[in-house]
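Student: Sharing a sequence plus its predicted fold:
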Amino acid sequence: MNGPTFIGIGGQKCASTWLASCLARHPDIFVHPKKEIKYFNEKTQDFAPNTNFDQAAQWYLSHFEGTDRFTARGEFTPDYLTSESAPQRIHQMLGEVKILCIVRNPVDRLRSHIRHCIRRGLLKAPPNNLVTKNNLIDAIDEYPGLIINGHYAQGLHRYIETFGRKSIHVSVYERIIPAPQQGLCEIFNHLGVSSDYNCHDSEKVVGAGYIPRSALLEQIRIRIYRVVSRRAPSVLPLLRATRLTDLYKKLNGKNSKIELTPEAVDYLHDIYRDSNRQLEQILGYSLPEWSHGQISYQRSA
């Protein structure tokens with residue numbers, strides 16, 4: 001049985017769900033419907049349990065049983081990008097696979113991550129949904145991953161050392177979203193499949209964030225999702241294709257925009273300045289859209 005030919009490593013809250021959904025529509029690409037198998041990463045303190053590495057290798061490979069007819073086969077687990085163990089574990093089991101990554105303005109990413117934590121009941125929503133610098137420091141102390149997941153360069157360097165730069169394709173959220181077809185074609189070429197395929201639904205938002213009106217109802221939804229993803233993952237794409245998710249968000253979602261005070265934004269820009277410069281060196285081009293005043297609310301992941 002053949003295993004995956006590519007691994008999507010994240011990043012978290014960078015539209016990896018949208019990207020996986022677009023790739024899965026290509027007739028020559030198989031993306032596991034569960035998306036996050038969470039096999040190669042180690043357990044972190046932020047969210048638990050979040051690794052299945054205690055399972056046998058055959059358990060992981062069984063997720064790709066019967067997919068040999070696809071030219072490209074893979075999965076997306078955003079935890080892989082920041083994992084210290086994942087690059088070597090992936091290489092030891094799968095060899096020279098392709099690596100896909102999507103990154104996003106780390107300030108915008110963190111805002112989305114905070115909203116995610118509020119939705120899961122891990123953090124309390126600040127007054128008026130406005131996050132101050134002190135709010136931010138307290139949240140980071142409790143969940144260091146809020147900051148760690150925006151240091152893309154550190155994780156990418158580990159994958160470059162293991163797989164080489166040519167094996168890794170990095171998409172930038174702010175550039176692929178305005179022109180999705182062009183960005184997807186570049187990924188198709190990287191994966192060795194036809195770039196002529198037109199993903200008609202690439203403009204559709206997938207996995208948009210929200211803050212629930214009822215925390216109890218949201219916890220019920222999460223439990224149902226976990227059961228379905230574990231026992232019948234093939235059903236997930238069918239559910240995503242329906243209007244049930246949109247209907248649920250209308251019923252239980254409220255204003256989901258999380259704002260950061262200018263002091264909080266300055267604080268984060270100082271934290272990420274060196275990391276962003278390292279990422280620009282990896283990419284070979286600058287990212288002026290990540291500077292002050294360029295943060296976008298157009299899409300959430």
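Tutor: Sure thing, it's come through.

Student: which residue packs closest to I137, ignoring adjacent ones?
Tutor: If you skip the residues right next to it in sequence, I137 has Y267 as its closest partner in space, 7.9 Å away by C-beta to C-beta, 6 or more residues apart in numbering. The C-beta positions use only the backbone N, C-alpha and C, and glycine is treated the same way.

Student: Could you check how far the one you found is from A86?
Tutor: In this structure, Y267 and A86 are separated by 29 Å, where distance is defined by C-beta to C-beta, to the nearest Å.

Student: the more surrounded of the two?
Tutor: When neighbours are counted by other C-beta atoms under 10 Å, Y267 and A86 differ, and A86 comes out ahead with 25 against 19.

Student: My read is that that one contacts G8, right?
Tutor: No: the pair A86 / G8 is not scored as a contact, 11.7 Å apart, by C-beta atoms under 8 Å.

Student: Show me whatever sits in contact with both of these two.
Tutor: When C-beta atoms under 8 Å, 6 or more residues apart in numbering defines a contact, the residues bordering A86 and G8 alike are Y80.

Student: What number of residues are in the vicinity of G164?
Tutor: The number of residues near G164, taken as other C-beta under 10 Å, comes to 11.

Student: quick revisit: what helix or strand does the residue nearest to I137 sit in?
Tutor: Using DSSP states H and E, Y267 sits within helix 262-283.

Student: before we move on, what about P178?
Tutor: Using DSSP H and E, P178 is not contained in any helix or strand.

Student: That one and E36, how far apart?
Tutor: Relative to E36, and taking C-beta to C-beta, P178 is found at 26 Å.

Student: These two - which one has more neighbours?
Tutor: A direct count of neighbours by other C-beta under 10 Å for P178 and E36 places E36 higher, at 21 against 11.
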